[in-house]
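Participant: Attaching a predicted model along with its sequence, questions to come.
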Amino acid sequence: MKTFKQLQEELKHYRSSWRGKVSTYDPEYFDRETDKMVNNDKAIGWKHKLKEKPTTVSDISDILQPSDDVIHRGMSHDEYQNILKHGKIKSKGTGNLGTEQEGLTYFTTRPDTAQSYANSFAMKKHIPTEDKPAYIVSIKRPHPDRIKSVAGTGEHEVGVTGDISADDIVAVHRGKVIAHDPGEQDTGMPDGRGEYAKYQYLSGQLKGSSVAPYSRLHWEKIK
């Protein structure tokens, strides 16, 4: 049988669990359900968790399938607005690695990878917000002469040279922020684990952990 202290710790973790832990969410896209923590067939804790409604599309793969003739680029609101303004797609290359990738604008053959780059893999300043959604722009696959292979990149990654005309865009999907998880910071300070653990913490040998902020998106085709 678990001790009272063990149950307290489990309950603390349960209440702070990522399931349904958000600072904001849009009720248009979620239902709230009661979740119970049970010990010996008795409920000892309750909380609400969010369940996506059937009409919510959080996985782009549900509405955008891979195609041999089409490639996709996940991008920020600012990059998409720049395309509308200038009529072309051209990466600044700030996220490219090494000199061999200079001048290349990267796309992928996989919609789910484009989704990741538009959200969870985005640079901090490009993370989607309620005011600035994410986008996936799909274009006709360019002629092989315009595609450059670079060692170390994945088979699904496609580096395109030069400017890409906005006329080559065949589809645009927008990812609206419908919930936001603020993340979690843990200092790593030990609790009741002995003097040596406290020494490790104070000397910098025992490190904390963190969970990065994360936004959940609803995808819809706008072009």
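Facilitator: That came through, no problem.
Participant: Mind listing what's buried along stretch 51-66?
Facilitator: Going by neighbour count (16 or more other CB atoms under 10 Å), the buried part of stretch 51-66 is 52, 56, 57, 60, 64. (C-beta placed from N, C-alpha, C; glycine too.)
Participant: Might you report the residue contacts of the last one?
Facilitator: Residue 64 sits next to 72, 111, 136, 138, 171, 173, 219, 221 when contact means CB atoms under 8 Å, 6 or more residues apart in numbering.
Participant: if we can go back for a sec, the buried residues of stretch 51-66 in strands, which ones?
Facilitator: Here DSSP state E is the test, and the buried residues of stretch 51-66 give residue 52 as lying in strands.
Participant: Spit out the contact partners of residue 62.
Facilitator: Taking CB under 8 Å, 6+ apart, one finds residue 219 in contact with residue 62.
Participant: Now do the phi/psi pair for it.
Facilitator: phi -70, psi -20 (degrees, to the nearest 10).
Participant: pLDDT value on it, please?
Facilitator: Note on residue 62: pLDDT of 97.
Participant: where does it sit relative to residue 48, distance-wise?
Facilitator: To residue 48, residue 62 is 25 Å away according to CB to CB, to the nearest Å.
Participant: got it, and residue 109?
Facilitator: 39 Å.
Participant: Please identify which of these two sits among more neighbours.
Facilitator: A count of neighbours by other CB atoms under 10 Å puts residue 109 above the other of residue 109 and residue 48, at 18 against 12.
Participant: just checking, the more buried one touches residue 139?
Facilitator: No. At 11.8 Å, residue 109 does not count as touching residue 139 under the criterion of CB atoms under 8 Å.
Participant: Could you name every residue contacting both of those two?
Facilitator: 71, 72.
Participant: With distance to residue 146 added, can I get the buried residues of stretch 51-66 in TSV?
Facilitator: Shown next, in TSV, are the buried residues of stretch 51-66 (distance: CB to CB, whole Å):
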residue	distance to residue 146
52	39
56	37
57	32
60	25
64	23
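Participant: what's the farthest-apart pair in the buried residues of stretch 51-66?
Facilitator: For the buried residues of stretch 51-66, the maximum inter-member distance is 17.7 Å, found between 52 and 64 (CB to CB).
Participant: Find the nearest non-adjacent residue to residue 171, please.
Facilitator: residue 138 (4.2 Å; CB to CB, 6 or more residues apart in numbering).
Participant: To clarify, my last question referred to residue 169.
Facilitator: residue 139 (5.4 Å).
Participant: Following the host helix or strand of that neighbour in sequence, what is the next regular element?
Facilitator: If you go by DSSP states H and E, residue 139 is part of strand 134-140. Note on strand 134-140: by DSSP H and E, the next helix or strand toward the C-terminus is strand 147-148.
Participant: what does that following strand contact?
Facilitator: Contacts of strand 147-148 (CB under 8 Å, 6+ apart): 104, 158, 159, 160, 161.
Participant: Could you find the closest non-adjacent residue to the third one?
Facilitator: So the one you mean is residue 159. residue 104 (3.7 Å).
Participant: Likewise for the last one?
Facilitator: With CB to CB, 6+ apart as the measure, residue 146 is the residue that lies nearest to residue 161, at 5.2 Å, once sequence neighbours are left out.
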